[in-house]
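Asks: Using only what follows, build the 3D model:
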Amino acid sequence: MNRKTGALWTKSYEKDGQTIPYYQGCIDLGLLGEQQVTLFHCDPKSDKAPDFEMVTGRDSEKKNIGVFWKNTFQNDDGEEVVYLAGYVDVGILGKRNVSIFVNTRKEKDNQPDFNIVMRMDDER
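Replies: From the prediction side, this is the model:
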């Protein structure tokens, strides 16, 4: 069973004349409560390295709680859909499989750009 557990909005900052995107929002980690999170692009050093990392906190208090890889699947219309698949660490409950999908129903700026979905029947 899957459950929508969070949302992300696209943000950006300037560095060396380039616009660098990142994603900010929140995720409900169950017993740990709702956490503010930021999703950053990683610089993969190998094919198996994650494409993104998810952190909570700021500056010296940042804590990596998850990693994600780009994936694809074909929807019912035969179109290729890109999404992120990975996991988040929910403390004593261990790691949970999480996917991040583009919000295809976004109609207003205050609606999220991405939805975070957690697999709830995951037993690790």
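
Asks: Quick one: low-confidence residue ranges for this structure.
Replies: Residue ranges of the chain with pLDDT under 70: 121-124.

Asks: Quick check on the residue nearest the centre of it: phi, psi?
Replies: Geometric centre of the chain, nearest residue: residue 100, 5.1 Å, by C-alpha atoms, centre = their mean. Per-residue torsions, residue 100: phi -120, psi 120 (degrees, to the nearest 10).

Asks: Surely it is in contact with residue 112?
Replies: No - if you go by C-beta atoms under 8 Å, residue 100 and residue 112 don't touch, sitting 10.3 Å apart. From N, CA and C alone the C-beta is placed, and that goes for glycine too.

Asks: anything in contact with each of those two?
Replies: Shared contacts of residue 100 and residue 112 (C-beta atoms under 8 Å, 6 or more residues apart in numbering): residue 8.

Asks: now the strands: where do they sit in this protein?
Replies: Taking DSSP state E as the test, the strands found in the chain are 2-15, 18-28, 34-41, 52-56, 63-74, 80-89, 95-102, 114-119.
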